[in-house]
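Trainee: the following comprises the amino acid sequence and a computationally predicted model.
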Amino acid sequence: MKNPIVLGVDIGGSHITTALVDLTKGSLLQSSRQRIHVDSEAPAEVILDHWCSVIQASFSAVTVSEKIIGIAMPGPFDYDRGISLIKDQDKFKTLYEVNIKTALASRLNISQDGIRFINDAAGFLQGEVFGGAAAGFDRSIGLTLGTGLGAAFCEGGKAKDAALWDTKFKNGIAEDYLSTRWFTRRYFELSGKRIAGVKELNLSECHEQPTQQIFEEFGTNLGQFIIELLQTKPADVIVLGGNISNAQTCFMSYLMATLDAAGVTTKIKIAELKEDASLIGAASCWNEVAAVLK
């Protein structure tokens, strides 16, 4: 296999995205891209069946000599054995202590040795380091803002999970203030209306109340979190990803004002590869194979 092809899989709290990745180029085979919504509170069998149907669809798009998979998965998770340890979050509770590697291998009729896992935040940052917003920086931090809070550190070209979601912050933990559930709760408190997530907010009206107040509070909270983080983990650049980062025009000014007031000079950048970063990062679980076969 002159150009090793690996299926990159990005699993989030509400979706699964897949695409085949050419590891020698770090690029996607776009015809193989698949994405569907998945109810993360569904029974385990339903979730696994949905995941497998999408994986099979990607493999069906392009002929490959061997089915090899790299999966970016949120934690807590036993990434070596492939066992989900998520139980106290609003997602995948039915998968607690399920061996995902065994279950997928059986359904897909492939060897367990052909499946590897990486933390979703680390996968995202690894992709951005490879050819995105963190390229060329020695020390970088990636924060994924979405259903949950993901975080990763990268130094020397290797991204690692930082597991900061449950870091003590304000009157709770970081994820209480820097995730979708904060937006939904705060919007209800201020408006009396319920939303499923940030996507439901009209970003063209983010300077009108109560939306402006919500984004101002979020940007300030994110700034305060970053200030505290940099005190223990200096970085040259921080890359923001996840669905909430798509609303950066509404919160970035408040974030930067908070950082400027504290004298923070670390660059803040929005992810350039978006979801592609996680797919490329997930496939990079097999980078040593690519190096051998070049």
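Mentor: Received, thanks.
Trainee: can I get the longest strand along the chain as CSV, trimmed to CA atoms?
Mentor: As assigned by DSSP state E, the longest strand anywhere in the chain is strand 27-37. Below are the C-alpha coordinates for strand 27-37, written out as CSV (Å, rounded to 0.1, in the frame of the first residue of the first chain):
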residue,chain,number,x,y,z
SER,A,27,-5.9,15.2,3.2
LEU,A,28,-9.5,13.8,3.0
LEU,A,29,-11.0,11.8,0.2
GLN,A,30,-14.0,14.0,0.0
SER,A,31,-16.2,11.5,-1.8
SER,A,32,-16.1,9.3,1.3
ARG,A,33,-17.3,12.0,3.8
GLN,A,34,-20.4,11.0,5.8
ARG,A,35,-22.2,12.7,8.7
ILE,A,36,-25.5,12.1,10.5
HIS,A,37,-27.1,13.2,13.7
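Trainee: by contact count, what packs against that strand?
Mentor: strand 5-11, strand 15-22, helix 44-61, helix 275-283 (3 or more CB pairs under 8 Å, 6 or more residues apart in numbering; DSSP states H and E). Where C-beta positions appear, they are placed from N, C-alpha and C, glycine not excepted.
Trainee: comparing the ones you listed, which comes out most buried?
Mentor: Mean neighbour count (mean count of other CB atoms under 10 Å) peaks for helix 275-283 among the helices and strands packed on strand 27-37, with a mean of 30.
Trainee: let me see the mean pLDDT of that helix.
Mentor: Throughout helix 275-283, pLDDT has a mean value of 91.
Trainee: count residues in the vicinity of the nearest residue to Tyr254 once chain neighbours are set aside, would you?
Mentor: What sits nearest to Tyr254 in space, not counting adjacent residues and going by CB to CB, 6 or more residues apart in numbering, is Gly219, at 2.9 Å. Close neighbours of Gly219, defined as other CB atoms under 10 Å, add up to 21.
Trainee: on that earlier part again, and the longest strand of the chain, which strands flank it?
Mentor: strand 15-22 (antiparallel) (DSSP bridges).
Trainee: tilt between the partner strand and strand 5-11?
Mentor: 160 degrees (axes from the mean of the first three to the mean of the last three CA atoms, to 10 degrees).
Trainee: rewinding a little: buried stuff in the longest strand of the chain?
Mentor: By neighbour count on 16 or more other CB atoms under 10 Å, the buried set for strand 27-37 is Leu28, Leu29, Ser32, Arg33, Gln34.
Trainee: can you add pLDDT and give the residues you listed back as a markdown table?
Mentor: Formatted as a markdown table, the buried residues of strand 27-37 follow (pLDDT from 0 to 100):
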| residue | pLDDT |
| --- | --- |
| Leu28 | 92 |
| Leu29 | 94 |
| Ser32 | 96 |
| Arg33 | 96 |
| Gln34 | 96 |
